[in-house]
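Student: I need the structure of the sequence given here:
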Amino acid sequence: MTNSDPMILNAKKAIISGFVMLMIAMGIGRFSYTSILPLMESQAHLSVSNAGYLAASNNLGYLIAAFGAGFITWGSRKAYHLRIQLALCIVSTGLMGVTTSFSIWMALRFLSGISSGLIFVLSSSFILDVLISAKCEKWAGIFYGGVGAGIALTGVVVPILNNFTWRGTWIGLLIISVILILPVWSLIRDDNNLASFQDPKPNNPSMEKKTHLFRWLLVTYGLEGLGYIVSATFLVAMVKQMPNASYFADYSWVVVGLAAVPSTVFWSRLAGKIGYIKPLSMALILQVIGVIMPVLVPNVVGVTVGSILFGGTFMGISMLALAAVRIMRPSSGNQAIALMTGFFGVGQILGPVGAGIVLDVTHSYELSLILATLVLVLALSLLIIGAAVSNRKSFIRTFQ
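Tutor: As a prediction, the model looks like this:
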């Protein structure tokens, strides 16, 4: 195929539209809350525990959507449903600035979680269909870079929008989302002429045999959801309280986003060379360092290094873990991914609630991040143990 081939052109258009959809659904609809949280705490008098409940409400909506999307038959109208969910995501984000009712905030964050979860799942299916048909699967890493780009964007614009108070910040994000989606709205359309394709066959036969590693990965991924979400929720608020780095708080989220943009391409290429488990272990090690770094080195250097390591791993870990179980369970990949998403989602709900309670009692972001780090260390330990046990069982079976 040449660059002028219609399938290649469709793939390029799909990448652009998918990139923007993830910017809006994940970067703005889901993760902009991290940047706005300090302002809501100071101006809207949002308590730390209630901040945790709002994050948990969003994560619950995301869990229900991402877990349930795999069991819904969307037929040939994925683009139609994507447009509905994009509208819901944008509106539910903007309405956060219209009310001061905590119960309505909870409902709006829940709806935002529902829409962002459905957009993530539907856009992944929608874009990957096009890429597979055009034999451009390697571009998938660029598509997922939209999450990091959205995070970086909110990190840049939220401090500017803060001049219009917390209300104006939420409403401003609605306006920015509309500006982003309008140029690609016409690109979000179903193509019924896409070539049919089969589920991807495992390109790593040894991995396919390690089905007993699945339960270890399941628990590891659940703990990852619990550990990473604490930093993803409270990083900016914590840096705001650092005497030597408070001015850098908003920029720390920009760094997270910029590091996340190329990370999916890097981790996918590495997995193509050495498999999925080794890169997953490496990413977890780097994330452990990234989460604890602002606590160990509470200045701009520590926050910057921590933000780079965190941003460069959280999307990669999800991609690597889900790809690994897809290969392990070639005949039941969708169910396996749904189960993984469920464990991950439960962790994401428990993390902010638990951290919020700890913060209310101790008034210390540091302790919450230390506990989150210990959870991630446990996740890494279980992955290493599981891989060792799996290799041992595979070795014994070869000689039986």
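Student: Please give me every residue in contact with residue 57.
Tutor: 106, 107, 109, 110, 113 (CB atoms under 8 Å, 6 or more residues apart in numbering). (Each C-beta comes from the backbone N, C-alpha and C, glycine too.)
Student: Would you state the strands of the chain in chain order?
Tutor: Shown for the chain, no strands are assigned by DSSP state E.
Student: what's the domain layout of it?
Tutor: 1-190, 201-400 (automatic domain parsing).
Student: Which of the ones you listed comes out lowest on mean pLDDT?
Tutor: Mean pLDDT values for the domains of the chain show the minimum at domain 201-400, a mean of 85.
Student: out of the contacts of residue 57, which one sits closest to residue 95?
Tutor: residue 107 (9.5 Å; CB to CB).
Student: Quick one: neighbours of that closest one, just the number.
Tutor: 16 (other CB atoms under 10 Å).
Student: measure stretch 91-110 end to end?
Tutor: Counting by CA to CA, to the nearest Å, you get 13 Å between the two ends of stretch 91-110.
Student: Identify all contacting residues around it.
Tutor: 28-29, 32-33, 44, 50, 53-55, 57-58, 60-61, 111-112, 115, 166-171, 173-175, 177.
Student: Quick check: buried residues in it?
Tutor: By 16 or more other CB atoms under 10 Å, the buried positions in stretch 91-110 come out as 91-97, 105-110.
Student: Show me where the stretch 201-350 of the chain has its helices.
Tutor: 205-209, 214-240, 249-274, 277-296, 300-311, 314-328, 333-362 (DSSP state H, counting those that start in this stretch).
Student: now for the longest one, which elements pack on it?
Tutor: If I follow you right, that is helix 333-362. helix 48-69, helix 214-240, helix 314-328, helix 365-398 (3 or more CB pairs under 8 Å, 6 or more residues apart in numbering; DSSP states H and E).
Student: Next, the angle from the first one to helix 333-362.
Tutor: Relative orientation of helix 48-69 and helix 333-362, computed by axes from the mean of the first three to the mean of the last three CA atoms, to 10 degrees: 180 degrees.
Student: Likewise for the last one?
Tutor: Put simply, helix 365-398 runs at 150 degrees to helix 333-362, going by the same axes, to 10 degrees.
Student: between helix 365-398 and helix 277-296, how big is the angle?
Tutor: Using the same axes, to 10 degrees: helix 365-398 against helix 277-296 is 160 degrees.
Student: Flag every buried residue along helix 365-398.
Tutor: Under the neighbour-count criterion of 16+ other CB under 10 Å, helix 365-398 has 365-366, 368-373, 375-377, 379-380, 382-384, 386-387, 390 buried.
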